[in-house]
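A.B. asks: turn this into a structure:
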Amino acid sequence: MSETLRDEIKEKILNGYYNCEKELTLSIFSGKWKIVILWHLGVEGPHRFSELQRLFPKISHKILTNQLRELMEDGIVHREVYPEIPPKVEYSMTELGMTLLPIVEMMYEWGKNRMNEIKQEMHISENDVNE
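C.D. replies: As a prediction, this is how the structure comes out:
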């Protein structure tokens with residue numbers, strides 16, 4: 001992993017900036033879109049850039065490019081260029097990236113459960129107000 005880890009993260013490790021392993025993990029996940037990118041690539045398989053853009057209509061081309069680039073630099077995502085005309089490029093999870101999938105799926109499940117709880121609480125509150 002260290003061969004493909006972003007220089008910024010390597011430097012923080014060497015300088016003792018990270019006090020624990022959780023900080024390293026969070027630095028890899030940091031970025032508004034990374035977790036959902038990882039979920040789609042891990043669960044659904046490889047995607048082309050345009051497919052990812054359609055999945056996230058609110059993300060700009062630049063941000064998606066940067067998020068994918070950081071994930072590639074960290075060895076989490078692989079970019080495959082096929083020698084075709086027009087060129088075909090796909091993004092997929094690396095073997096290392098797949099080790100993060102259980103964490104991403106647990107976060108997804110937690111979020112889904114919490115969202116349902118909030119919706120239930122809101123429904124109960126609305127009923128209390130309407131009575």
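
A.B. asks: what ranges do the helices span in this structure?
C.D. replies: With DSSP state H as the criterion, the chain has helices at 7-14, 21-29, 34-44, 49-55, 61-73, 95-98, 101-130.

A.B. asks: please identify the deepest-packed of those helices.
C.D. replies: Taking mean count of other CB atoms under 10 Å as the contact definition, the stretch among the helices of the chain with the greatest mean neighbour count is helix 34-44, which reaches a mean of 19. From N, CA and C alone the C-beta is placed, and that goes for glycine too.

A.B. asks: before we move on, back to that, now the helices of the chain as a markdown table including mean pLDDT and distance to residue 79?
C.D. replies: Shown next, in a markdown table, are the helices of the chain (pLDDT from 0 to 100; distance: least, CB to CB, whole Å):
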| stretch | mean pLDDT | distance to residue 79 |
| --- | --- | --- |
| helix 7-14 | 74 | 18 |
| helix 21-29 | 79 | 17 |
| helix 34-44 | 95 | 11 |
| helix 49-55 | 95 | 9 |
| helix 61-73 | 94 | 6 |
| helix 95-98 | 96 | 12 |
| helix 101-130 | 84 | 18 |
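
A.B. asks: which one of those helices lies closest to residue 88?
C.D. replies: Put simply, out of the helices of the chain the one that sits nearest residue 88 is helix 49-55, at 10.2 Å, with distance taken as CB to CB.

A.B. asks: ok, the nearest residue to residue 45 once chain neighbours are set aside - how many residues close by?
C.D. replies: Distances taken as CB to CB, 6 or more residues apart in numbering put residue 92 closest to residue 45, at 6.9 Å, once the chain neighbours are dropped. Other residues near residue 92 number 15, with proximity taken as other CB atoms under 10 Å.

A.B. asks: just checking, residue 92 touches residue 71?
C.D. replies: No. In this structure residue 92 lies outside contact range of residue 71 using CB atoms under 8 Å: 10.9 Å.

A.B. asks: overlap in contacts of the two?
C.D. replies: When contacts are counted by CB atoms under 8 Å, 6 or more residues apart in numbering, residue 92 and residue 71 are jointly contacted by residue 77.
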